[in-house]
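Asks: Provided below are the primary sequence and the corresponding predicted coordinates.
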Amino acid sequence: MLGLRHAAASLPLLLPLRAAAAMSTLLVNQPRYAWLRELGLQEENPGVYNGRWGGSGQVVTTYCPANNEPIASVRQASLEDYEETVKKAKEAWKVWADIPAPKRGEIVRQIGDALRQKIKVLGSLVSLEMGKIYVEGVGEVQEYVDVCDYAVGLSRMIGGPILPSERPGHALIEQWNPVGLVGIITAFNFPVAVYGWNSAIAMICGNACLWIIAKVLEDNKIPGAICSLVCGGADIGTAMARDERMDLLSFTGSTKVGKQVALMVQERFGRSLLELGGNNAIIVFEDADLNLVIPSALFAAVGTAGQRCTTARRLFLHESIHDVVVEKLAKAYAQVRIGDPWDSDTLYGPLHTKEAVKMFLDAVEQAKQQGGSVVCGGKVINRPGNYVEPTIVTGLPHNAPIVHTETFAPILYVLKFKEEEEVFAWNNEVKQGLSSSIFTKDLGRIFRWLGPKGSDCGIVNVNIPTSGAEIGGAFGGEKHTGGGRESGSDSWKLYMRRSTCTINYSKDLPLAQGIKFQ
């Protein structure tokens, strides 16, 4: 497997990567951030791993979005580095594919243990580099650990059925084998979890992936190139999409870039797994328990500063409770503790980049121009870093252009509805189909919501937020969200190829469908 960290740099709004900064100003050299050295981070870090560390591409600097100070620099991969890495990964796969699946599961178990040992410092790094609060950073690493645990058990269960044959003396078997080399392009907002969903499952399936797991492989005398890494930009991402040696390409990022990736992969009849955008809605009916609604809407809209693909961006309220809910929600917004993401009492951190701040301001202005009223928020917070106020906008129609635009920022559009049928249709009218949720006590309504005329999303919740999926279920969405599924359920099948095998153990040669050919 080949991991491309931050390949979405081809979309400049996603990454706080700039030209290399002066060594003396780097956070990695400051006593307050001495813990970065526990992870082996230096002033300049290699951005390529294929059994050995290296990189000969451009040197870029990653910045902390909470203060816009440089953390450290990374020497990215050149196209020559990429070519060498793919060759080594393909060779390493030949070794890995011969190892029994339960033995591969044991390696993945050790990866989970290695993550556990560094979970707090890794969570701090996620918080420092991405900007999400510390508990979410640790939670993201925990999610990778959980997926490793899940994959260990799965390694003893993957396989196909033995099917009854219509011909005597014949067996019909469904055989599953690894696809081979899996490329993973991760996004800025979940740099650990997205990689973990893909790598842990793909590895137990027998596919040839990295980061800190390199040591686990080396300790087990397994080629490190099984889990390779290339840090790079658009050139590396494009190379992966067009490379026929890439048997599966998993891409997490924007719909715009995902469409480009899908077209390039499909042009070579390759296989892609897409996790793209989401314009997610919460629907609150008049019988809803508001003690569940308010904290759920708050977490779904404000958590990770609105930078989750499952963030709630639309809140549909029955007209009879609209004003009450807006008032309660505005009070809850006013109590959100804003601060440095690594402080334990902080609930809300910065946006990832300065460009994201500009997108936020543009969206607020468009909402006003289209008839919306800002109930709270809407401004940049006067402090270092990329902080904006969590924002509630009311008064817009359900089909306003800005409401149908996914803005990766903490803006919640609150909309009125009258009837179940219309609001279910409004939930489905956007181009994306990732996550959705209703709040109600009506059992019939719940099952209509889950049924064919209900939500058209990949995640369909009841009385919980749109965010915070568990690893045991398949994660992904429909329409412009890409259709891919990762993590639990039968997502493992995406990392494998299926063969139908017919075995004749008799001395006769009967043909299917009773055909006689004599």
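Replies: Looks like it arrived, so ask away. Residues are numbered from 1 along each chain as shown.
Asks: show me what contacts the spatially most central residue of the chain?
Replies: Closest to where the C-alpha atoms of the chain average out (C-alpha atoms, centre = their mean) is Val194, at 4.3 Å. Contact analysis of Val194 by C-beta atoms under 8 Å, 6 or more residues apart in numbering lists Ile184, Thr186, Ala187, Thr252, Glu275, Glu486. All C-beta spots, glycine's among them, are computed from the backbone N, C-alpha and C.
Asks: Redo those residues as TSV? Include distance to Leu26, neighbour count and secondary structure.
Replies: Output for the contacts of Val194, formatted as TSV (distance: C-beta to C-beta, whole Å; neighbours: other C-beta atoms under 10 Å; DSSP: H, G, I helix; E, B strand; the rest coil):
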residue	distance to Leu26	neighbour count	secondary structure
Ile184	28	27	strand
Thr186	23	26	coil
Ala187	24	25	coil
Thr252	28	28	strand
Glu275	32	29	strand
Glu486	34	25	strand
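Asks: Does the closest residue to Asn220 other than its chain neighbours lie in a helix or a strand, and which?
Replies: Closest residue in space to Asn220, ignoring its immediate chain neighbours: Ile107 at 5.9 Å, by C-beta to C-beta, 6 or more residues apart in numbering. Per DSSP states H and E: Ile107 is located in helix 101-117.
Asks: And that helix, what's buried?
Replies: Residues of helix 101-117 classed as buried: Ala101, Arg104, Gly105, Ile107, Val108, Arg109, Gln110, Ile111, Gly112, Ala114, Leu115 (neighbour count, 16 or more other C-beta atoms under 10 Å).
Asks: tell me the contacts of the first one?
Replies: Neighbour list for Ala101: Ser155, Arg156, Ile158, Ile204, Cys205, Gly206 [criterion: C-beta under 8 Å, 6+ apart].
Asks: can you tell me how far it sits from Arg271?
Replies: Going from Ala101 to Arg271 by C-beta to C-beta, to the nearest Å gives 21 Å.
Asks: Could you list the residues in contact with stretch 335-343?
Replies: Contact with stretch 335-343 is made by 66, 124, 127-128, 131-134, 137, 298, 302, 345-350, 381, 387, 390, as judged by C-beta under 8 Å, 6+ apart.
Asks: same check, this time on stretch 257-265
Replies: By C-beta under 8 Å, 6+ apart, the residues outside stretch 257-265 that reach it are 8, 10-11, 185, 237-238, 241-242, 246, 249, 251, 271-272, 274, 276, 482.
Asks: Would you mind confirming that the residue nearest to Asn220 makes contact with Met203?
Replies: Yes: with contacts counted by C-beta atoms under 8 Å, Ile107 reaches Met203, the gap being 7.1 Å.
Asks: Show me the helices in the stretch 201-350 of the chain, by range?
Replies: Here the stretch 201-350 of the chain has its helices, by DSSP state H, counting those that start in this stretch, at 214-219, 234-242, 255-267, 290-302, 322-334.
Asks: related to what we said a few turns ago, possible to save the buried residues of helix 101-117 as a markdown table with pLDDT and distance to Pro31?
Replies: A markdown table is the format used below for the buried residues of helix 101-117 (pLDDT from 0 to 100; distance: C-beta to C-beta, whole Å):
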| residue | pLDDT | distance to Pro31 |
| --- | --- | --- |
| Ala101 | 98 | 47 |
| Arg104 | 98 | 42 |
| Gly105 | 98 | 41 |
| Ile107 | 97 | 37 |
| Val108 | 97 | 36 |
| Arg109 | 98 | 36 |
| Gln110 | 98 | 33 |
| Ile111 | 95 | 31 |
| Gly112 | 97 | 32 |
| Ala114 | 96 | 27 |
| Leu115 | 96 | 26 |
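Asks: of those residues, closest to Cys309?
Replies: Using C-beta to C-beta, Leu115 comes nearest to Cys309 of the buried residues of helix 101-117, at 22.4 Å.
Asks: I figured the closest one hits Tyr144, correct?
Replies: Yes: at 5.7 Å, Leu115 counts as touching Tyr144 under the criterion of C-beta under 8 Å.
Asks: Name the residues contacting each of these two.
Replies: The contact sets of Leu115 and Tyr144 do not overlap (C-beta under 8 Å, 6+ apart).
Asks: quick one: contacts for Ser127?
Replies: Contacts for Ser127 (C-beta under 8 Å, 6+ apart) come out as Ile133, Tyr134, Glu136, Gly137, Pro341, Trp342, Gly349.
Asks: Recalculate using a threshold of 7 Å.
Replies: Going by C-beta atoms under 7 Å, 6 or more residues apart in numbering, Ser127 touches Ile133, Tyr134, Gly137, Pro341, Trp342.
Asks: could you redo those residues as CSV and give each row distance to Val28, neighbour count and pLDDT?
Replies: Below are the contacts of Ser127 laid out as CSV (distance: C-beta to C-beta, whole Å; neighbours: other C-beta atoms under 10 Å; pLDDT from 0 to 100):
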residue, distance to Val28, neighbour count, pLDDT
Ile133, 21, 26, 98
Tyr134, 18, 21, 98
Gly137, 17, 27, 98
Pro341, 17, 28, 98
Trp342, 15, 21, 95
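Asks: Show me the helices in the stretch 51-200 of the chain, by range?
Replies: 79-97, 101-117, 119-130, 134-154, 193-204.
Asks: got any ranges where this structure has weak pLDDT?
Replies: Regions of the chain meeting the criterion pLDDT under 70 cover residues 1-24, 209-214.
Asks: In this structure Ser296 contacts Pro465, no?
Replies: Yes: the pair Ser296 / Pro465 is scored as a contact, 4.3 Å apart, by C-beta atoms under 7 Å.
Asks: With distance to Lys431 and mean neighbour count added, can I get the helices of the stretch 201-350 of the chain in TSV?
Replies: Below are the helices of the stretch 201-350 of the chain laid out as TSV (distance: least, C-beta to C-beta, whole Å; neighbours: other C-beta atoms under 10 Å):
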stretch	distance to Lys431	mean neighbour count
helix 214-219	39	17
helix 234-242	22	21
helix 255-267	8	17
helix 290-302	20	20
helix 322-334	26	16
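Asks: can you tell which of the ones you listed is closest to Ile503?
Replies: Between the helices of the stretch 201-350 of the chain, helix 255-267 lies closest to Ile503; by C-beta to C-beta that is 34.0 Å.
Asks: Would you pull up how far the closest one lies from the middle of the chain?
Replies: Centre-to-centre, helix 255-267 and its host chain are 17 Å apart (C-alpha atoms, centre = their mean, to the nearest Å).
Asks: Now do it against helix 234-242, angle only.
Replies: With axes from the mean of the first three to the mean of the last three C-alpha atoms, to 10 degrees applied, the angle from helix 255-267 to helix 234-242 works out at 40 degrees.
Asks: doesn't Arg52 make contact with Pro223?
Replies: No: with contact defined as C-beta under 7 Å, Pro223 and Arg52 do not form a contacting pair (10.9 Å).
Asks: Of those two, which one has the most company?
Replies: In terms of neighbours (other C-beta atoms under 10 Å), Pro223 is the more surrounded of Pro223 and Arg52; the figures are 20 against 11.
Asks: what's the closest non-adjacent residue to that one?
Replies: That would be Ala92: by C-beta to C-beta, 6+ apart, it lies 3.7 Å from Pro223.
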